[in-house]
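> Here's a sequence, model it:
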Amino acid sequence: MTARTDIDSDRLIAALDARVDRREQRRAFFRDALGAMAVTGALGLASGASAQSTPTPTPTATPTPTYTDQDILNFALNLEYLEAQFYAFAANGTGLASTLLTGAGTAGTVTGGRKANLNDPIVANYAREIAQDELAHVEFLRTALGSAAIAMPTLDISATPTSAFSNAARAAGLIGQGATFDPYENDDNFLLAAYLFEDVGVTAYRGAIGGLANALIRQVASGILAAEAYHAAMIRSAVFMRGLTTPTLIDASEGISNARDGLDGQSDIDQGVRPIGDRSNIMPFDATTGLPYGRTTGQVLNIAYLNRSAVTAGGFFPAGVNGAIKSSAAN
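Residues are numbered from 1 along each chain as shown. Presented below is the predicted three-dimensional model:
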């Protein structure tokens, strides 16, 4: 896919500068880089390109239509809405401000979401840090897109027997028919829910960077890939460490990994946190290249919709996403 650059460069740079100014007190040493990372988080998720500079075991994807930069940013914004709302509720007990939810397309609501019962101070700190980062991503994308920003679509982050989290957990073998997986119940459940999201984000960024045409956007995408990799490493490390005394956690990570592989195609490109021989497996990668694998937009939506077919709604997005990029892949 070759993306056309429709986002005004001055507006993009101004948005980057604004994000830096607001976050300078928290991470002064990042300065310009931090604002860049906020925009790209979305870009990596948004691109449907599978082109990469080195071979990875990513399945061959059907050629993707050419989308504008605006389309790509808005696709990313859908995914950032999902992550930001989940972490905001889990960490703080409240969702995003209503002023951050308006825009083009069908405006939706959040089903479920509440403050998680986090008793481990390390896990609680992780939740608050990631919540702040994801909020920054939403704010930055909306600033960069201006009046073209999409509205938040309907999201399901609830805990019921038929919720997206429960259906994902059931597919992973974590719960049985009619049971409920509650991501807010305790530290372990929160970590497993976060693990479901974070690994998908990293693989999406990895799959996207090679297909981005604009040099500024590629630069920022590299930064956000690093930021999201830090998030994923936090979560994977926490699952692994807690799993040393509660082995069912490591088993659960393998079940979620297998479920994601069952949704995104034929190739086995996902990995849980089970140790390999005498070493941990915090960073999943291709043994040939030492690089993480990548996913296309269609594969990302297969997981978000919890459906291996080509559909336009389901799972965590019951009414679908807003914007031009809507369909999952046919697997």
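> tell me the phi and psi of Val200?
Reported as degrees, to the nearest 10, the phi and psi values for Val200 are phi -70, psi -40.
> ok, now Thr111?
The phi/psi pair for Thr111 (degrees, to the nearest 10) reads phi -100, psi 120.
> which stretches of the stretch 51-200 of the chain form helices?
Here the stretch 51-200 of the chain has its helices, by DSSP state H, counting those that start in this stretch, at 69-92, 121-145, 164-171, 187-208.
> would you turn these into TSV with distance to Leu291?
Using the backbone N, CA and C atoms, a C-beta is placed for each residue, glycine as well. Shown next, in TSV, are those (distance: least, CB to CB, whole Å):
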stretch	distance to Leu291
helix 69-92	22
helix 121-145	23
helix 164-171	26
helix 187-208	7
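> who wins for proximity to Phe316 among these?
Closest of these to Phe316 is helix 164-171, at 4.5 Å (criterion: CB to CB).
> now what about that closest one, what contacts it?
156-160, 175-177, 179-183, 192-193, 196, 256, 259, 262, 306, 315-316, 318 (CB atoms under 8 Å, 6 or more residues apart in numbering).
> Which of the helices of the stretch 51-200 of the chain sits closest to Ala215?
Of all those, it is helix 69-92 that lies closest to Ala215, at 12.5 Å by CB to CB.
> coming back round to it: going by neighbour count, which of the contacts of helix 164-171 are buried?
Neighbour-count burial (16 or more other CB atoms under 10 Å) applied to the contacts of helix 164-171 gives 156-159, 175, 180-183, 192-193, 196, 256, 259, 262, 306, 315-316, 318.
> So which of the residues you listed sit within strands?
Asp156 (DSSP state E).
> residue furthest from the geometric center of the chain?
Asp278 (29.8 Å; CA atoms, centre = their mean).
> Residue ranges in this structure under the pLDDT threshold?
The chain contains residues with pLDDT under 70 at 1-65, 210-212, 287.
> what's the closest non-adjacent residue to the most centrally placed residue in it?
Centroid check for the chain by CA atoms, centre = their mean gives Gly201 as the closest residue, at 3.5 Å. Spatial nearest neighbour of Gly201, excluding adjacent residues (CB to CB, 6 or more residues apart in numbering): Glu228 at 4.8 Å.
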